[in-house]
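J.: When you get a sec, could you give me coordinates for this:
(one chain, ligands or ions: 2)
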Amino acid sequence: MRMTSQRSIILDEIRKTHAHPTADEVYVLVRRRLPRVSLATVYRNLDVLTRAGLIRTVELGGCPRRYDGRVDDHIHVRCLECGRVDDVADALLARARSRVEKVSGYSISGHHLEFAGVCPDCQRRARGRRRRKNAES
Ligand SMILES: [Zn+2]
Ligand SMILES: [Zn+2]
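T.: Ligands and ions are numbered 1, 2, ... in the order given. Predicted coordinates:
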């Protein structure tokens with residue numbers, strides 16, 4: 001893979017954020033530095049970077065595909081309200097992996113593990129809504 005300057009800016013923006021952006025969000029980030037870049041170019045480069053193993057896709061049930069600058073093993077937790085995706089501590093995953101190997105006898109090469117719930121921001125927003133509702137009634 002040839003590392004064009006466009007490509008390295010896209011890679012840089014994905015590595016900088018921990019938000020697991022969608023292609024459209026990557027486009028918005030990258031456009032600040034490359035005002036003339038097209039969405040198609042961003043899509044194409046995301047594809048190339050993924051195939052080169054420099055970034056990872058995060059495919060979560062029913063959500064648009066997201067991109068991750070972290071390529072080491074880690075667990076994702078997804079908010080059911082806003083779709084936000086966060087990373088969870090790795091020690092947990094290493095323990096789970098060795099446990100699964102032990103009980104199954106498999107040599108584990110990968111995983112697809114996702115937790116879902118409501119993120120702290122959405123919990124705060126929901127509490128605020130409830131408070132307003134109580135004040136009205
Ligand atoms: Zn949320
Ligand atoms: Zn991640």
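J.: C-alpha from now on. contacts and neighbour counts both.
T.: Will do.
J.: what's the helix or strand for the closest residue to Cys82 other than its chain neighbours?
T.: Nearest non-adjacent residue to Cys82, counting by Cα to Cα, 6 or more residues apart in numbering: Cys122, 7.3 Å away. Using DSSP states H and E, Cys122 falls within helix 120-136.
J.: now for that helix, which elements pack on it?
T.: For helix 120-136, not one helix or strand is in contact under the criterion 3 or more Cα pairs under 8 Å, 6 or more residues apart in numbering; DSSP states H and E.
J.: Report the mean confidence score over it.
T.: On average, the pLDDT along helix 120-136 is 90.
J.: What score does the residue nearest the centre of the chain have for pLDDT?
T.: The structure's the chain has its C-alpha centroid closest to His20; by Cα atoms, centre = their mean the separation is 2.8 Å. Confidence at His20, expressed as pLDDT, is 93.
J.: Please apply the same query to Gly61.
T.: pLDDT, the model's per-residue confidence, is 69 for Gly61.
J.: Show the contacting residues for the nearest residue to Val85 once chain neighbours are set aside.
T.: Counting by Cα to Cα, 6+ apart, Arg78 is the residue found nearest to Val85 once chain neighbours are left out, at 4.5 Å. Listed by Cα atoms under 8 Å, 6 or more residues apart in numbering, the contact set of Arg78 reads 84-86, 114-119.
J.: Alright, that wraps it up for me.
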